[in-house]
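Peer 1: sequence-free structure coming up:
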Ligand SMILES: Nc1ncnc2c1ncn2[C@@H]1O[C@H](COP(=O)(O)OP(=O)(O)OP(=O)(O)O)[C@@H](O)[C@H]1O
């Protein structure tokens, strides 16, 4: 050994902090060491391009990751630039410590802040000590006449340096996995980490697992190499010669050159014009494990004023799923950094799936600082514009296709509009509303089409099943409403109103418009008016006392639809108030403040309906009181069902009553 040293400058706090720092993401050492190996190769490739280094013509650049389960070592071997002994001293011994000091200062400052973006303090190499008790560097620089160098360090404290053993250019990092790194002796754990961080690194990575096979494994392997698997059908016609030929072909295929673990030229690095739809789809399936095809995608490709490449996919929604879980993977020069970093990617984009490669991203700063970073801001603006451009372009040029996507992309666009003013401004004219006639219209188109019937008013349905009766009524009268039934639509309704002053949005059951009433009703005589007034009051008194609900309003109207007995109307303002209270369900003060607020309900009895006509007549007869009561409860429940599901008690009563009424009917029919 020609040199010994001690790395203890900060060792009392240096290593424990690295361990704590990396604790949640222990596998990050894989990223750090393999990306160092990649850097070593790309640096050499650059030197070769500049004519400052030479490599043999058939030299293949590669990285090997060798796990020796018997020796409990993990090696990362590259044939890149290598290091001289002086470079080890400079980059590993010294730089690390200036990096470490810097890191310690920053770490202590933010000791309480979890989830800092880690790495990039010039400390990546030392993450090896997260999992290894001893780390060795065995390296030979590319420079002609260079001498090999070896560095061995125990526990991140004492190091020794000596001549290296490598005969070819490059670096071998050997980790002697300790107690903390035992899990990486498992092939599957190692593969998972490699796949997570290295799937798109720019240098081919080959993995080798070394383990002395047991006698049984040896026997099984031998047997397998002599075995040909064929179908029963095939076996009947297979000759001995054919079988031998097939076996040879099978063994030759198995001993073929191994395939790298990674894709060194991921799709996002290519020019959009050179990528086919099939390639985009295949990339999407592979990276996001989604069997469905994406609806469409946006290939981002920017070199100036900043570099940003990536692909954003609009996924198909999983049926009946209201909440969309997106996945945006962030890379820096093809090295995976993290998923869904909301400080970096505009938040609403997190509903999409995609990859973003930002080589200039300042990842050495904390997440909170990233939010105010000019680079991030510019990047956000660029991405937002690209997404909005794609949407408006689809809307203008391929309206039918765009409409067919709407059910899937609508949630994303609405959310984006509410989160990002700039996005709303760009896409507002391409915002679609699905109507009860299954058409897709913009707000402008809807208002224009319906301006004769109800000017500046938009009717919407929040639950197609519950409000089926109102929808039918609307349709019968040639009216249309739009469907705003997902959870995002509640705030979206208010948002639309806020953005389009003068336009009122009203739930379909909030009011019955003039168009739903019979014409003659609006032109009735004075005497008739008085009689109606009287019936109204009588009915209101009756229902209020039976239902024990003093605030219930009851009116008797002649609706055009004869088959509807009654409808419950819930005023738009009081319903919104109730929804707001629900949304703030946990805020006790608010609840107390509004506890007195009762929903303003109006029961509209349809005078054109036979049942209601009979009820009104019967209510004047003393002896029919019992039946009148039953009918009132029943009519009210029928109307209530279009608003909400009945409670268990209400449902039991409803069923009992239905049975009684049907029994009466059967009795009546039987004795006719
Ligand atoms: N496999 C390698 N081949 C050649 N040089 C290497 C290799 N691994 C590390 N080095 C040298 O050691 C230096 C320190 O590596 P380290 O991973 O600690 O920091 P870094 O790569 O500079 O920054 P980061 O923290 O972002 O990884 C590197 O900059 C490089 O010069």
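Peer 2: Yep, that arrived. No experiment lies behind these values; they were computed from the predicted model shown. Residues are numbered from 1 along each chain as shown.
Peer 1: use CA for all of it now, contacts and neighbours both
Peer 2: OK.
Peer 1: Wait, residue 357 touches residue 309, no?
Peer 2: Yes: applying C-alpha atoms under 8 Å as the test, residue 357 and residue 309 come out as touching, 5.2 Å apart.
Peer 1: immediately after the lowest-mean-pLDDT helix or strand in the chain, which helix or strand?
Peer 2: The helix or strand of the chain with the lowest confidence, counting by mean pLDDT, DSSP states H and E, is helix 519-522 at a mean of 54. Going down the chain from helix 519-522, the next helix or strand is helix 526-547, by DSSP states H and E.
Peer 1: and that next one, what does it pack onto?
Peer 2: Applying 3 or more C-alpha pairs under 8 Å, 6 or more residues apart in numbering; DSSP states H and E, one finds that helix 526-547 makes contact with strand 553-557, helix 625-640.
Peer 1: helices or strands up against the next helix or strand after the last one?
Peer 2: If I follow you right, that is helix 625-640. Next in sequence after helix 625-640, counting helices and strands by DSSP H and E, comes helix 648-670. Helices and strands touching helix 648-670, by 3+ C-alpha pairs under 8 Å, 6+ apart, are helix 625-640.
Peer 1: other SSEs contacting the helix it packs on?
Peer 2: helix 526-547, strand 566-570, helix 610-618, helix 648-670.
Peer 1: now with 7 Å?
Peer 2: Contacts defined by 3 or more C-alpha pairs under 7 Å, 6 or more residues apart in numbering; DSSP states H and E place helix 625-640 against strand 566-570.
Peer 1: Tell me the strands beside the strand it packs on, with direction?
Peer 2: When pairs are called by DSSP bridges, strand 566-570 turns out to pair with strand 601-606 (antiparallel).
Peer 1: Please enumerate residues in contact with the partner strand?
Peer 2: Contacts with strand 601-606, where a contact means C-alpha atoms under 7 Å, 6 or more residues apart in numbering, come from 552-559, 564-571, 612.
Peer 1: who wins for proximity to the ligand among the helices and strands packed on helix 526-547?
Peer 2: helix 625-640 (64.1 Å; C-alpha to the nearest ligand atom).
Peer 1: Next, the angle strand 601-606 makes with the closest one.
Peer 2: Angle of helix 625-640 versus strand 601-606, following axes from the mean of the first three to the mean of the last three C-alpha atoms, to 10 degrees, is 110 degrees.
Peer 1: Report the angle between helix 625-640 and helix 610-618.
Peer 2: Using the same axes, to 10 degrees, helix 625-640 lies at 150 degrees relative to helix 610-618.
Peer 1: What lies in contact with helix 625-640?
Peer 2: 543, 565-568, 615, 618-619, 654.
Peer 1: mind putting those residues in TSV, pLDDT included?
Peer 2: Listed next are those as TSV, based on pLDDT from 0 to 100:
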residue	pLDDT
543	91
565	91
566	91
567	88
568	87
615	92
618	92
619	89
654	95
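Peer 1: Of those residues, just say which sits nearest to the ligand.
Peer 2: Nearest to the ligand among those, counting by C-alpha to the nearest ligand atom, is residue 568 at 65.4 Å.
Peer 1: which residues of the stretch 151-300 of the chain score low on pLDDT?
Peer 2: 230, 254-256 (pLDDT under 70).
Peer 1: what ranges do the strands span in it?
Peer 2: Applying DSSP state E, counting those that start in this stretch to the stretch 151-300 of the chain gives strands spanning 158-163, 170-177, 205-210, 296-302.
Peer 1: Looking at the helix or strand containing residue 470 now, give me its mean pLDDT.
Peer 2: Assessed by DSSP H and E, residue 470 sits inside helix 468-476. The average pLDDT for helix 468-476 rounds to 86.
Peer 1: Stretch 437-457 now?
Peer 2: On average, stretch 437-457 scores 92.
Peer 1: Can you point out the buried residues in that stretch?
Peer 2: Residues 440-441, 443, 446-447, 454, 456-457 are the ones in stretch 437-457 that count as buried (16 or more other C-alpha atoms under 10 Å).
Peer 1: ok so, going back, what subset of the contacts of helix 625-640 is buried?
Peer 2: 543, 565-568, 615, 619, 654.
Peer 1: With distance to the ligand as added columns, please give the residues you listed in JSON lines.
Peer 2: Conversion of the buried ones among the contacts of helix 625-640 to JSON lines gives the following (distance: C-alpha to the nearest ligand atom, whole Å):
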{"residue": "543", "distance to the ligand": "75"}
{"residue": "565", "distance to the ligand": "73"}
{"residue": "566", "distance to the ligand": "71"}
{"residue": "567", "distance to the ligand": "67"}
{"residue": "568", "distance to the ligand": "65"}
{"residue": "615", "distance to the ligand": "82"}
{"residue": "619", "distance to the ligand": "85"}
{"residue": "654", "distance to the ligand": "70"}
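Peer 1: OK, contacts around the nearest residue to residue 43 once chain neighbours are set aside?
Peer 2: Spatial nearest neighbour of residue 43, chain neighbours left out: residue 81 (6.6 Å); criterion: C-alpha to C-alpha, 6 or more residues apart in numbering. Contacts were defined as C-alpha under 7 Å, 6+ apart; by that measure residue 81 touches 40-41, 43-44, 141-142, 169-170.
Peer 1: What is the burial count for residue 327?
Peer 2: Using other C-alpha atoms under 10 Å, residue 327 is surrounded by 19 other residues.
Peer 1: what sits against the closest residue to it other than its chain neighbours?
Peer 2: Distance criterion C-alpha to C-alpha, 6+ apart; nearest residue to residue 327, sequence neighbours excluded, is residue 353 at 4.6 Å. Each residue near residue 353 by C-alpha under 7 Å, 6+ apart is listed here: 312-315, 326-328.
Peer 1: phi, psi of residue 353?
Peer 2: phi -120, psi 140 (degrees, to the nearest 10).
Peer 1: Tell me the confidence at it?
Peer 2: pLDDT, read off for residue 353, is 92.
Peer 1: What count of nearby residues applies to residue 658?
Peer 2: Residues lying near residue 658 (other C-alpha under 10 Å) number 15.
Peer 1: now swap in residue 222 and tell me
Peer 2: Neighbour tally, residue 222, other C-alpha under 10 Å: 11.
Peer 1: Contacts only, for it.
Peer 2: Contacts for residue 222 (C-alpha under 7 Å, 6+ apart) come out as none.
Peer 1: Quick check: it vs residue 68, distance?
Peer 2: Distance of residue 222 to residue 68, given as C-alpha to C-alpha, to the nearest Å: 22 Å.
Peer 1: I'd say residue 326 and residue 348 touch.
Peer 2: No: with contact defined as C-alpha atoms under 7 Å, residue 326 does not reach residue 348; the gap is 9.6 Å.
Peer 1: Next one: the residue nearest to residue 177 when sequence neighbours are not counted from residue 498, what distance?
Peer 2: In this structure, residue 177 finds its nearest non-sequential neighbour in residue 132, 4.2 Å apart by C-alpha to C-alpha, 6+ apart. Separation of residue 132 from residue 498 (C-alpha to C-alpha) stands at 59 Å.
Peer 1: higher neighbour count, those two?
Peer 2: Shown here are residue 132 and residue 498; by other C-alpha under 10 Å, residue 132 has more neighbours (24 against 12).
Peer 1: Now that one: phi and psi?
Peer 2: Dihedral angles for residue 132 - degrees, to the nearest 10 - are phi -120, psi 140.
Peer 1: Can you give me the distance of it to residue 553?
Peer 2: In terms of C-alpha to C-alpha, residue 132 sits 77 Å off from residue 553.
Peer 1: now residue 308
Peer 2: Residue 308 is 61 Å from residue 553, by C-alpha to C-alpha.
Peer 1: Those two - which one has more neighbours?
Peer 2: Set residue 308 next to residue 553 and count neighbours by other C-alpha under 10 Å: residue 308 wins out with 23 against 20.
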